[in-house]
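**Student:** no sequence on this one, just coordinates:
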Ligand SMILES: Nc1ncnc2c1ncn2[C@@H]1O[C@H](COP(=O)(O)OP(=O)(O)OP(=O)(O)O)[C@@H](O)[C@H]1O
């Protein structure tokens, strides 16, 4: 199988060149594997061009190719979207990826290879490449989340309808607090390349509420939208969803709205959708979006919207995010009758954790920040009067799409 090696020399702490020179390439030669090409990306957007040119030069037909990718989730996102946007008369072959985590957060890698304290730091980063060189070809097909931003259905008279924007995520699609954090943390990247910049941006945004409404559709085969019941640790039908009327409508305001595909975490310890990789792997599972939502009006102590109410709720939102670092304990948090966040009892859950096949997010026109959508770190803006629709997708067949060596 043709083999391409790519790394982003500026992702994360910029150590990927040394890692490839000292460990990845020597490991390949120990196994008598000679890559067809080894390339460092030279700019944003380059990874997609490298892969597209490689496919054009090597793939005689629909034969699969292997790509060893040293980067974070952002470069993978870029690569998937670049290939999707290339005009091509034939479907692209299946791309088998061996990931070398070199970014800041490495959500996909740390979900597939949950880190442990005992890992040797270098050997830990080589697990996917080890799976590739072992020749066992054990891989999982990646599901994708396809987000379409659409303009209002009625165009302004005299103006052509705005084109739809499409972005494909392999990890996360979010709005509300997470999209605001990613929007603001990008501005902090140059001064703070570490994950601390996400915490700084979180503090800047923790008191905001987002005015929007959302709809949820069942995943294929499920019949209903599911919600996680922490008491039984099972997915159960959402109270609004029946086989006859499956669509769930939720009204804002929202504080948190984040949907994952393939992953259970966004950083090694931040297990925000703790059941998020259940549907990966075995055949027969249909792709799903796991959506983590926090809406302040579920709080029994809520009476009116004011600065003081938002400041008080910020502490509860902070407790939810903190519990996500405790092995995903946030999905079991509840309100007691006074609105205190507790880990036991049978009050309403603080988090609504839904599993669906698609969701729609329609921001109120007046709320500019509710128009941000984050797709694997890329920030998109919903046009006024428009909405975002995110749909889970599985590869069309075994010979196309992406899979990961695990
Ligand atoms: N040579 C390059 N120079 C500048 N930017 C680059 C180069 N190669 C890739 N990029 C850009 O770097 C951005 C960040 O890369 P990547 O996602 O790999 O790392 P990260 O952001 O540090 O990690 P993570 O996504 O896990 O947080 C990508 O959006 C990509 O477009």
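**Tutor:** Done, it's in. The shown structure was predicted, so the numbers you read here are calculated from the model rather than taken from an experiment.
**Student:** and the pLDDT for residue 45?
**Tutor:** pLDDT, residue 45: 91.
**Student:** contacting residues around it?
**Tutor:** By CB atoms under 8 Å, 6 or more residues apart in numbering, the contact set of residue 45 is 78, 82. For the C-beta atoms, the positions are set from N, CA and C on the backbone; glycine is no exception.
**Student:** what do you get if the cut-off is 10 Å, keeping everything else the same?
**Tutor:** Applying CB atoms under 10 Å, 6 or more residues apart in numbering to residue 45 gives the contacts 75, 78-79, 81-82.
**Student:** pull out the buried members of these.
**Tutor:** The neighbour-count test (16 or more other CB atoms under 10 Å) marks 75, 78-79, 81-82 as buried among the contacts of residue 45.
**Student:** could you pick out which of these are near the ligand?
**Tutor:** When contact is defined as CB under 6 Å from any ligand atom, the buried ones among the contacts of residue 45 meet the ligand at 75, 78.
**Student:** which one of the buried ones among the contacts of residue 45 is nearest residue 225?
**Tutor:** Nearest to residue 225, judged by CB to CB, of those is residue 81 at 27.5 Å.
**Student:** in a helix, that closest one, correct?
**Tutor:** Yes - read with DSSP: H, G, I helix; E, B strand; the rest coil, residue 81 is one of the residues of a helix.
**Student:** look up the closest residue to it, ignoring the ones flanking it.
**Tutor:** residue 168 (5.4 Å; CB to CB, 6 or more residues apart in numbering).
**Student:** relative to the host helix or strand of the one you found, what are the paired strands and their orientations?
**Tutor:** Using DSSP states H and E, the element containing residue 168 is strand 165-169. Here strand 165-169 has these sheet partners by DSSP bridges: strand 144-150 (antiparallel).
**Student:** so for the strand it pairs with, what gets flagged as buried?
**Tutor:** Buried residues in strand 144-150, counted by 16+ other CB under 10 Å: 144-147, 149-150.
**Student:** likewise for stretch 25-42?
**Tutor:** 25, 27-28, 33, 35, 38-41.
**Student:** now do stretch 374-391
**Tutor:** For stretch 374-391, burial by neighbour count (16+ other CB under 10 Å) applies to 374-378, 380-382, 386-391.
**Student:** same thing with stretch 187-197?
**Tutor:** Going by neighbour count (16+ other CB under 10 Å), the buried part of stretch 187-197 is 188, 195, 197.
**Student:** so what's the last one closest to, chain neighbours aside?
**Tutor:** Closest residue in space to residue 197, ignoring its immediate chain neighbours: residue 188 at 4.1 Å, by CB to CB, 6+ apart.
**Student:** list the contacts for the one you found?
**Tutor:** Per CB under 10 Å, 6+ apart, neighbours of residue 188: 194, 196-198, 200-201, 204.
**Student:** of those residues, list those near the ligand.
**Tutor:** Applying CB under 6 Å from any ligand atom to the contacts of residue 188, none is adjacent to the ligand.
**Student:** filter those residues down to the ones in strands?
**Tutor:** The members of those all map outside strands under DSSP state E.
**Student:** any weak-confidence spans in this protein?
**Tutor:** By pLDDT under 70, the low-scoring segments of the chain are 59-62, 88-89, 154-156, 159-162, 281-284.
**Student:** what residues go with each domain of it?
**Tutor:** Structural domains assigned to the chain are 3-137, 145-393, following automatic domain parsing.
**Student:** please report phi then psi for residue 55.
**Tutor:** Main-chain torsions, residue 55, degrees, to the nearest 10: phi -60, psi -40.
**Student:** number the residues from 325 up from this point.
**Tutor:** I'll keep to 325 as the first residue from here, and by that count the last item is residue 379.
**Student:** in the protein, what residue sits furthest out from the centroid?
**Tutor:** Distance to the chain centre peaks in the chain at residue 482, reaching 38.0 Å (criterion: CA atoms, centre = their mean).
**Student:** quick one: secondary structure of that residue?
**Tutor:** Classification of residue 482 by three-state DSSP places it in coil.
**Student:** now it: how far from the ligand?
**Tutor:** 37 Å (CB to the nearest ligand atom, to the nearest Å).
**Student:** excluding sequence neighbours, find me the nearest residue to the residue positioned nearest the centre of the chain.
**Tutor:** Centroid-nearest residue in the chain, with CA atoms, centre = their mean: residue 496, separated by 1.5 Å. Excluding the flanking residues, the one nearest residue 496 by CB to CB, 6+ apart is residue 584, at 5.4 Å.
**Student:** what sits against the one you found?
**Tutor:** Applying CB under 10 Å, 6+ apart to residue 584 gives the contacts 431, 435, 469, 493-498, 590, 596-597, 599-601, 612-616.
**Student:** can you tell me the SS state at residue 401?
**Tutor:** What three-state DSSP gives for residue 401 is helix.
**Student:** now do the same contact list for it.
**Tutor:** Taking CB under 10 Å, 6+ apart, one finds 371, 395, 432, 491-496, 699-702 in contact with residue 401.
**Student:** could you list which of the buried residues of stretch 698-715 also contact the ligand?
**Tutor:** Restricting the buried residues of stretch 698-715 to those touching the ligand (CB under 6 Å from any ligand atom) yields residue 701.
**Student:** the residue nearest to the centre of the chain and residue 381, how far apart?
**Tutor:** Distance of residue 496 to residue 381, computed by CB to CB, to the nearest Å: 33 Å.
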